[in-house]
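# Got a predicted model here, sequence first, then my questions.
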Amino acid sequence: MFLYLASAAVHGQTLELTTDAPERNLAKFPYIGDRNRTLLAGTVDALDESIGRVVKALYDRGMLSNSVIVFTSDNGGSPWGIFSNTGSNWPLRGSKGTLWEGGIRVPALIWSSLLPQNGDVVVSKIAHVADWLPTLYSAAGETKSLGRQLTPPPRRPYATRSPGASQDLGNIDGLDLWPALSAPKSTSGAPWPRREFLVNADSLTGLSAYRDGVYKLVSITGPSVNGSRYPFDGRDLQVHIPTPGGMMPSAGANASVNSLNSLMTSSLTWEVLEELNCGKLAVPTGWRKRAAVKCKSGNSSVPGLAKLREGHYLFDLSSDPCELNNLAEEQPSVVTEMAKTLEHYLAVAEPAKRHTLDTRGFPEYNDCLWARWEDIAGTTNRTCPCP
């Protein structure tokens, strides 16, 4: 079985766009102090509960021990602008709708009892959303005959099964990460297959970007660069939404509830996984610190929105994930080679087919929901007074 669950709970989550999250969820975050940010936190908490119900349903049906669960997103948060959810990508530069890391880098989690059971692992390698298809296909098992019908995987460890051959999927952009992810921690394992990917190649806006190894090239072309051409670029790294009270909730009467670890261990997902592991589920330590993005201190050599100019911007993301220092002048040969790749993608890219925003997809015309609106025969959209 393949289950794709795409929640729109926090897509556009402000007082102007949606109703409140349940009060029981909002009550867990009294320390935030900003109504929209509290609403976002409460909605994320409600989303977490819904995921817990899915995990429990899999467990109750005897499917969890043979499942692979992936949790990820499609873009960074939108702190401001149209459809803002007051999300914060700090300390990364930029937001949703930009080519900066704050717009394209998202957290991703994969869990399965089929993976090596030797504690939490933080993977710092690069991956692309297109990689999930061949990765999950490989994990699911081999194919049979010309019909390409997936063989249901037997209930035994992955190492005893034949993986699905990702080449069966044809000429796709995604790469199979499963051999590298599922290799025992004690071995060198399979090499990580993903080295480079195209971020964007857009002749309409003149905004393109490409990642190769540690380097990322952002290319801006066109007669002018202004707010309409490059909206919400993050301006400079100092513009962000601060976290009230620091990185953790402030101590108080509800300190045990407000603790991130306490929230985790009191969740339905934790309860199910603890039962799956016969009560032997330890609280992981240090993973948040290892997963944190670390930026260099100092001023940025990359201008903000008002001063952004046409040209190339090159970053070494291994040492500068927050894109503070433009290396284009220091590394001209790297820029030249990466620019050639971008030019190739621009030459073969299909031209944009839609140049305007279709307001018929807005929630106020679709029962206050983000939903498909144009390609479903017989669908009648209903207007509602969204809060």
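Great, that's in hand.

# The chain: helices as residue ranges?
Under the criterion DSSP state H, the chain contains helices at 23-26, 35-60, 101-104, 132-140, 178-182, 255-258, 260-265, 268-276, 287-291, 332-348.

# Now do the first one: distance to the chain's middle.
Read it as helix 23-26. 25 Å (Cα atoms, centre = their mean, to the nearest Å).

# picking that back up, with respect to Ser124, which of the helices of the chain lies nearest?
Ser124 lies closest to helix 287-291 among the helices of the chain, at 8.6 Å (Cβ to Cβ). For the C-beta atoms, the positions are set from N, CA and C on the backbone; glycine is no exception.

# Relative to the whole chain's centre, how far out is the closest one?
17 Å.

# taking the helices of the chain together, which one is wrapped up most tightly?
Each of these was assessed for mean neighbour count using mean count of other Cβ atoms under 10 Å. The highest is helix 101-104, with a mean of 26.

# quick check: mean pLDDT across it?
Mean pLDDT, helix 101-104: 90.

# Mind putting the helices of the chain into CSV with distance to Lys125?
Shown next, in CSV, are those (distance: least, Cβ to Cβ, whole Å):
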stretch, distance to Lys125
helix 23-26, 34
helix 35-60, 25
helix 101-104, 15
helix 132-140, 13
helix 178-182, 8
helix 255-258, 33
helix 260-265, 25
helix 268-276, 25
helix 287-291, 13
helix 332-348, 19
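
# and the ones you listed, which one is worst for confidence?
Checking each of the helices of the chain, the one with the poorest mean pLDDT is helix 255-258, at a mean of 47.

# coming back round to it: select, out of the helices of the chain, the one closest to Cys322.
Closest approach to Cys322 among the helices of the chain (Cβ to Cβ): helix 101-104, 7.1 Å.

# CA atoms of the closest one as CSV?
Presented in CSV, the C-alpha positions along helix 101-104 are these (Å, rounded to 0.1, in the frame of the first residue of the first chain):
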residue,chain,number,x,y,z
GLU,A,101,18.2,28.1,1.2
GLY,A,102,15.4,29.4,3.3
GLY,A,103,13.1,28.8,0.4
ILE,A,104,14.3,25.4,-0.8
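
# roughly how far is it from the heart of the chain?
Taking mean C-alpha positions (Cα atoms, centre = their mean), helix 101-104 and its chain are 9 Å apart.

# What about Asp320, how many residues nearby?
By other Cβ atoms under 10 Å, the residues close to Asp320 number 18.

# Which residue, other than its chain neighbours, is closest to it?
Nearest residue to Asp320, sequence neighbours excluded (Cβ to Cβ, 6 or more residues apart in numbering): Lys296, at 6.3 Å.

# In contact with Glu101, which residues?
Counting by Cβ atoms under 8 Å, 6 or more residues apart in numbering, Glu101 touches 76, 89, 92-94, 216, 317, 321-323.

# picking up where we left off before, nearest to Asn85, out of the helices of the chain?
helix 35-60 (5.8 Å).

# Looks like Leu175 contacts Trp192 (just checking).
No - taking contacts as Cβ atoms under 8 Å, Leu175 lies outside contact range of Trp192: 9.2 Å.

# Quick one: residues contacting Glu271.
By Cβ under 8 Å, 6+ apart, the contact list for Glu271 reads 52, 56.

# and the gap between Lys296 and Tyr4?
39 Å (Cβ to Cβ, to the nearest Å).

# Comparing those two, which shows the higher neighbour count?
Neighbour count, other Cβ under 10 Å: between Lys296 and Tyr4, Lys296 has more, with 11 against 5.

# quick one: pLDDT of that one?
Lys296 is assigned 75 on the pLDDT scale.

# Quick check: the gap between it and Gly213.
19 Å.

# Ok, Ser267 next?
Separation of Ser267 from Gly213 (Cβ to Cβ) stands at 37 Å.

# Ala328 now?
Ala328 is 16 Å from Gly213, by Cβ to Cβ.

# more neighbours, the two?
Remark: of Ala328 and Gly213, Ala328 carries more neighbours, 18 against 13, as counted by other Cβ under 10 Å.

# ok, residues contacting stretch 196-216?
By Cβ under 8 Å, 6+ apart, the surrounding residues in contact with stretch 196-216 are 99, 101, 104, 126, 128, 130, 173, 195, 217-222, 229-230, 310, 314-319, 323, 331, 334, 338, 341-342, 345-346, 349, 351-352, 355.

# between the contacts of Glu101, which has the most around it?
Arg93 (29 neighbours).

# out of everything not next to it in sequence, what's closest to that one?
Nearest residue to Arg93, sequence neighbours excluded (Cβ to Cβ, 6+ apart): Trp100, at 4.2 Å.

# Likewise for Ser78?
Lys96 (4.2 Å).

# Quick one: residues contacting that neighbour.
75-78, 87, 103, 232 are the contacts of Lys96 under Cβ under 8 Å, 6+ apart.

# neighbours of Asn66, just the number please.
Neighbours of Asn66 (other Cβ under 10 Å): 16.

# Could you verify my assumption that it touches Ala140?
No - Asn66 is beyond contact range of Ala140, at 10.2 Å (criterion: Cβ under 8 Å).

# can you count the residues close to the nearest residue to Gly77 once chain neighbours are set aside?
Counting by Cβ to Cβ, 6+ apart, Gly77 lies nearest to Gly87, which is 2.2 Å off, once chain neighbours are set aside. By other Cβ under 10 Å, the residues close to Gly87 number 22.
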